[in-house]
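Undergrad: predicted model and sequence below, questions to follow.
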Number of protein chains: 4
Amino acid sequence: MMTRIAVAGCTGYAGGEILRLLLGRDDIEVGALTAKSSAGSRLGEHQQHLTPLHDRVVLDTTAENLAGHDVVFLALPHGASAEVAAQLGDDVLVIDAGADFRLESAEEWQRFYGTEHAGTWPYGLPELPGQRDVLAGTKRIAVPGCFPTTVTLALAPALQAGLVDGDDVVVVAPTGPSGAGKSLKAHLLGSELMGSASAYGVGGVHRHVPEMLQNFRKLGASAPTVSFTPVLVPMSRGILATVTAPLAGPTTAEAVRAAYAAAWADEPFVHLLPEGLWPQTQSVVGSNHVHVQVAVDAAANRLVAVAALDNLTKGTAGGAVQSMNLALGLSETLGLTTLGVAP
Amino acid sequence: MMTRIAVAGCTGYAGGEILRLLLGRDDIEVGALTAKSSAGSRLGEHQQHLTPLHDRVVLDTTAENLAGHDVVFLALPHGASAEVAAQLGDDVLVIDAGADFRLESAEEWQRFYGTEHAGTWPYGLPELPGQRDVLAGTKRIAVPGCFPTTVTLALAPALQAGLVDGDDVVVVAPTGPSGAGKSLKAHLLGSELMGSASAYGVGGVHRHVPEMLQNFRKLGASAPTVSFTPVLVPMSRGILATVTAPLAGPTTAEAVRAAYAAAWADEPFVHLLPEGLWPQTQSVVGSNHVHVQVAVDAAANRLVAVAALDNLTKGTAGGAVQSMNLALGLSETLGLTTLGVAP
Amino acid sequence: MMTRIAVAGCTGYAGGEILRLLLGRDDIEVGALTAKSSAGSRLGEHQQHLTPLHDRVVLDTTAENLAGHDVVFLALPHGASAEVAAQLGDDVLVIDAGADFRLESAEEWQRFYGTEHAGTWPYGLPELPGQRDVLAGTKRIAVPGCFPTTVTLALAPALQAGLVDGDDVVVVAPTGPSGAGKSLKAHLLGSELMGSASAYGVGGVHRHVPEMLQNFRKLGASAPTVSFTPVLVPMSRGILATVTAPLAGPTTAEAVRAAYAAAWADEPFVHLLPEGLWPQTQSVVGSNHVHVQVAVDAAANRLVAVAALDNLTKGTAGGAVQSMNLALGLSETLGLTTLGVAP
Amino acid sequence: MMTRIAVAGCTGYAGGEILRLLLGRDDIEVGALTAKSSAGSRLGEHQQHLTPLHDRVVLDTTAENLAGHDVVFLALPHGASAEVAAQLGDDVLVIDAGADFRLESAEEWQRFYGTEHAGTWPYGLPELPGQRDVLAGTKRIAVPGCFPTTVTLALAPALQAGLVDGDDVVVVAPTGPSGAGKSLKAHLLGSELMGSASAYGVGGVHRHVPEMLQNFRKLGASAPTVSFTPVLVPMSRGILATVTAPLAGPTTAEAVRAAYAAAWADEPFVHLLPEGLWPQTQSVVGSNHVHVQVAVDAAANRLVAVAALDNLTKGTAGGAVQSMNLALGLSETLGLTTLGVAP
């Protein structure tokens, strides 16, 4: 059975990655490709790697153009998703790669985004407990943010096993600029980024902070806090999150490792690395896989977990396709088995 | 039907890429993985991205360990391939990713490699005229060098159409260091390469020169010459070859474009880009695809063709798998349909 | 004696580099810093590395603001320089880092730039024969383009010694994006550039082509042609030009090397590398130095010269300061002695 | 007055940077350049950017060769420094860029380095309180580690002002591979590093941990702890440390900023950035400068300081020269005024 999909925001990085992943499948038919300012141009001008779609004309992002598809992916700036989604039928699977429907708290939405809360959709992180049941058959999916996905997968086994209780978590996460999209901003120019590392969104102001805390609470934390600092580094893709949290009590490296091994043993995309190996983003680039390693720093009384993923794949488009597969009743890993492009 | 494969040289970049491509297939069974100095270690230490094979023990590269497979890939330094190949049966498909069996001229081999010529095997570049027939059913394949593949695909349509005659070709090709393998040499250190471009093998001494000329002759050139300069630039993978040649006679941009469009129209992996777009390696990284564009510089009386490919995929491992597919009578594109990982 | 300088276009990369070089000097007083769209902002927002000037308010680029200085640097888009320059007094040393006054041929200007020719100023490449005399005491300097500087210094000794005659020159030059300035264009985004090499301006259309030919003629070529292809690679700064030209007659590697050694022996900034070493941009980044090496490819009958420089330093701002020193009667190397920042 | 210097370990990155900085000075005479395995080769083969020293023959690292200099820089692996230093006279200024003489605690040395403690020399971080007096006239200097320098300068004002008390400090610091030297190790190859971020030395095992704690104690911390994670990212040089610590009591962003402004107001090399700007390594590359910014994360109850420096300059060779200047009674900033090479 063919599934007919549309992508709103097809000229950006998230839209491009959704298409790259789906073009490898023979059960997917690529329908409408829409955008705002680029409507009327050829897709090849924007997505040079997507040769099969080079001659496709980009349509305007309207309800009419998006109608008649089984699945509509929204790869739009926050705010825009909610507006488009409101015009799409309840029988269509709508998958929002943006932020609009991630947060459950209208108050936190208002505080971090400054606009009215659009609502909350089923959260597309199948690795959360019980979440596969939530996603099965759903018609609405909010794709998690790239940093919350990384951090949550890094810390989940420790939270669930009670090794940490989620207060005073500290996260620093080098990442590439593709997460910021194809925005024409001076600090995203190659000249500014190459050969340089720079912090941004420092001091608790990054919009992914409330989403991390929401996930920590789902995993058992009662009053979590997180100090989160993202760092731009010279690579297009990838997040390498170092996540540390105070140990809830005496433990050993073996016990911590065992908890992680047990938690991720059956996950198709999350891998605890063999002892002695630490995650590197190169190993997961272009793939839906996540690599995790964990240590105990006894002197600092902290657990240190490190996770690597590709912000555009597992962090956005791959996560979206994984959740789509679940929502459509397909094999969860369909079209997502490629390994990372290393070196 | 399952095909059982072995990889000699599994710890290097070419070996790793062969495995990455084949791990996505359900018709391939991964058999022996061998190496020299790393025998006895776990593959995960060398190929962190290949999670399904993390616990595999690397065997020694011996005829015994490589016996009993349908296909044996040799990803070894030149010289070593010939020695191992001599011990493998005639009924096994042996695919040499090294240089040993590429050159037809024993004299040129001797001049550029300084050792005795091992012989000549069917050349694994299916895009050459008549080459698919040569590869069908063969039991020996010499995988082309990464630069000759790039340059040949950039110039073939012009040579075949008589637009250029192959004399005084000039090629300059920025590339990443992965083509040099995992050699522990100071000039391949990250500190030396990042933020820097550097020429090497300048002045006609690079070992890929005679292979380029051999291909030009196959495409109709009677007395070709090539000035070839490779340039190391800060990216792990990719080759971006600028190939210029004197025009054989008056022509137009349209005529040249038409020749290229006709030549590559039915090729699954070689794509002439839409007018106005020029190849970028990012668009083909991790894929078996090649992007080509061509221009006429009337003032300089030269045709200028630019081609981009991934040296480890189409330039080595992908080309090897493509040729394997043909030799085994499978669909040529099996396992190779992924598009480039951009951005 | 203090020299009071102004910079028009202080927020861009060329303007920033001029200031970086001059801030190290105690004979320079930094006067007006002007720009167009950023007037009114603090310089620190645009040039984070220039700490001593962080609090300086950027002024509007007007004749009033630029009045009262000994030297005015113009780091403006082409076209804009001519307009500003027309309003500055004859007694002020005006140094144009842009293209407006480089070309002698109004016809070529018109063909490549499409606007009216503004005129021709003394050309700021002191390494050309007799050029130091031209620059001594001048009040107008046209700073050469970054590619013409690289290519001219790579080929000059061969042209002057008659080893090549300048016809059928082929140049391919990987470079970083800083040469394109701080323009907000999608293809200059870090996500597009990192991990990728891409050709642009292919086929004889790059605006630096007529300037190269003009220099070749000054060095004795009667009817030069050049096929020039610039390639964007993932580094902020640097040009690595491979310049090949047909040999004018039989020669030897030793004779060619001797010609280069003789030509550059007394130059403070151009260095022929020891035999066996090839230029790398890292070795000259942040410096006014140029590294050159040369080979003879007998089979291809071509001389191959490779030159590396920093496009923002020797290629723009350093070259500008070097010429300023000559114009003011100062030591040519003043403030320019720093070596490249390697690794 | 000329100062005659020698460098032991002249072929490595630290040795090269010391020479690069000193070659710009007219009060320095470069004497013996020594190394172990490269003795007998020309320096140009190892330090291509140091053109004035290309023809220098590298001598063996012996007491004889190092005798007769005013200053001897040791840029050697730990362990080796102590051995050489023991053979140098008390009247010579010996500056160890290695780790041997940094730690005061023999026990911590033994625990982290596994060898016998060589002793403790005056610590070359002039920005520590009272340290300039310690360094004035000294004949022995232990250059601080690159990470401890960064982290100490990021946190010092907060510790001194009592805003934090130094317990539960968490540091994550992306850096380039040049800090690891020119070691031929697979994980330092360009292919492994480009396009990738990877953690190493995780869980409290990095050898710079005890040095950080030693500095925190000097700044008033009674029982400091630090969770430290270095991260390799794709740039040759630079450290961007995010340093967070629990607030000791209620405070405001203004109060914290004021403390930093006061602490660093008179320092020539440490700069608190204007509000709204965050450090980027590009702005300090090739320079002895350090950029710092600080925020209060009220929700997480943590101070977050970010510091950027060049690990080879202020983090090693620049710091060494700065301390040398003090020891010799010269101006502290002599030869170190260059600003960072951005973009």
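TA: Arrived safely, thanks for sending.

Undergrad: alpha carbons only for contacts and neighbour counts from here, please
TA: Will do.

Undergrad: let me see the domain layout of chain A.
TA: What the record gives for chain A is the domain set A:3-143+A:315-328, A:147-309, from the TED database.

Undergrad: would you turn those domains into TSV with mean neighbour count, mean pLDDT and distance to residue D:1?
TA: Below are these laid out as TSV (neighbours: other C-alpha atoms under 10 Å in any protein chain shown; pLDDT from 0 to 100; distance: least, C-alpha to C-alpha, whole Å):
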stretch	mean neighbour count	mean pLDDT	distance to residue D:1
domain A:3-143+A:315-328	20	97	60
domain A:147-309	23	98	38
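
Undergrad: a markdown table for those, including distance to chain B?
TA: Output for the domains of chain A, formatted as a markdown table (distance: least, C-alpha to the nearest C-alpha, whole Å):
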| stretch | distance to chain B |
| --- | --- |
| domain A:3-143+A:315-328 | 4 |
| domain A:147-309 | 4 |
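
Undergrad: out of the ones you listed, nearest to residue D:257?
TA: domain A:147-309 (13.2 Å; C-alpha to C-alpha).

Undergrad: near chain C at all, the closest one?
TA: Yes. Applying C-alpha under 8 Å from any C-alpha of the partner chain, one finds domain A:147-309 in contact with chain C at A:176-178, A:182-186, A:188-195, A:234-237.

Undergrad: swap in stretch A:40-57?
TA: No. Judged by C-alpha under 8 Å from any C-alpha, stretch A:40-57 and chain C are separated, with a smallest distance of 9.3 Å.

Undergrad: chain neighbours aside, what residue packs nearest to residue A:38?
TA: residue A:58 (6.8 Å; C-alpha to C-alpha, 6 or more residues apart in numbering or on different chains).

Undergrad: gap between the one you found and residue B:127?
TA: Look at residue A:58 and residue B:127: by C-alpha to C-alpha, to the nearest Å, they are 32 Å apart.

Undergrad: with residue A:293 instead?
TA: Here the criterion is C-alpha to C-alpha. By it, residue A:293 lies 44 Å from residue B:127.

Undergrad: interface residues of the stretch 151-300 of chain A facing chain D?
TA: A:168, A:170, A:172, A:174, A:191-192, A:194-200, A:202-204, A:225-227, A:229, A:233-240, A:242, A:278-282, A:295-300.

Undergrad: just the pLDDT for residue A:1.
TA: Looking at residue A:1, its pLDDT is 81.

Undergrad: residues contacting it?
TA: residue A:27 (C-alpha atoms under 8 Å, 6 or more residues apart in numbering or on different chains).

Undergrad: and for residue A:267, nearest residue in space, chain neighbours not counted?
TA: That would be residue A:127: by C-alpha to C-alpha, 6+ apart, it lies 7.4 Å from residue A:267.

Undergrad: make sure that neighbour is indeed in a strand.
TA: No. Residue A:127 is assigned coil when assessed by DSSP: H, G, I helix; E, B strand; the rest coil, not a strand.

Undergrad: hang on, the earlier thing: can you flag which of the residues of the stretch 151-300 of chain A next to chain D belong to helices?
TA: Of these, the ones assigned to helices by DSSP state H are A:191, A:192.

Undergrad: out of the residues of the stretch 151-300 of chain A next to chain D, list just those in strands.
TA: A:170, A:172, A:174, A:198-199, A:226-227, A:229, A:239-240, A:242, A:295-297 (DSSP state E).

Undergrad: does the most centrally placed residue in chain A belong to a helix, a strand or coil?
TA: In chain A, the residue lying closest to the centroid (C-alpha atoms, centre = their mean) is residue A:315, at 2.5 Å. Per three-state DSSP, the secondary structure class of residue A:315 is helix.

Undergrad: excluding chain neighbours, what is closest to it?
TA: residue A:146 (4.1 Å).

Undergrad: does that neighbour touch residue A:313 like I think?
TA: No. The pair residue A:146 and residue A:313 fails to qualify as a contact (C-alpha atoms under 8 Å) at a distance of 9.1 Å.

Undergrad: the nearest residue to residue A:2 once chain neighbours are set aside: what's it in contact with?
TA: Excluding its sequence neighbours, the residue lying closest to residue A:2 (C-alpha to C-alpha, 6+ apart) is residue A:27, at 4.7 Å. Residues near residue A:27 by C-alpha under 8 Å, 6+ apart: A:1, A:2, A:3.

Undergrad: what sits up against whichever helix or strand residue A:258 is part of?
TA: Element membership of residue A:258, judged by DSSP states H and E, is helix A:253-264. When contacts are defined by C-alpha under 8 Å, 6+ apart, helix A:253-264 is touched by residues A:157, A:158, A:161, A:163, A:270, A:271, A:272, A:294, A:295, A:296.

Undergrad: right, I'll call it a day here.
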